[in-house]
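1. Model the following, please.
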Amino acid sequence: MAQSVSQFFEELPSRVDESRTAGMNNTYRFDVDGAGSWIVDVQDGKVSVAQDGDAEPDVTISSSEETFLKLVQGEQNPTTAYMTGKLKIKGDMGAAMKLQKLF
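-> Modelled structure (predicted):
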């Protein structure tokens, strides 16, 4: 269980089940207020993470550090967070829906 946002992103590539992400080709930017910004690139199921990358993402996801940690720890429902404005999503909503395969 990630104790910090940076730890979550450091460990993400080793935690992803490539059988669930096979065929995925999307780039995500996570802007986590108070923690930083990360680019998560998924190319045919292989995941790479770079902090503060400048790749043009398909989707940008923004939240507070507190909300993000609750989301990845299973304490916050992503749909509820989005509907209440705690999670902001800009870009390709179809790609955003695929995120559940990563977590």
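
2. for this protein, what helix or strand is lowest in average pLDDT?
-> Lowest mean confidence among the helices and strands of the chain (mean pLDDT, DSSP states H and E): helix 18-21, at a mean of 87.

3. Could I get the buried residue list for it?
-> Neighbour counts using 16 or more other CB atoms under 10 Å place T21 of helix 18-21 among the buried residues. Heads up, the C-betas are built off the backbone N, CA and C, glycines and all.

4. so what strands line up beside the following helix or strand past it?
-> Moving toward the C-terminus from helix 18-21, the next helix or strand (DSSP states H and E) is strand 25-33. Strand 25-33 has the following strand partners under DSSP bridges: strand 36-43 (antiparallel), strand 59-64 (parallel).

5. Can you add distance to S6 and mean neighbour count and give those strands back as TSV?
-> As requested, the strands paired with strand 25-33 are exported to TSV (distance: least, CB to CB, whole Å; neighbours: other CB atoms under 10 Å):
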stretch	distance to S6	mean neighbour count
strand 36-43	7	18
strand 59-64	15	20
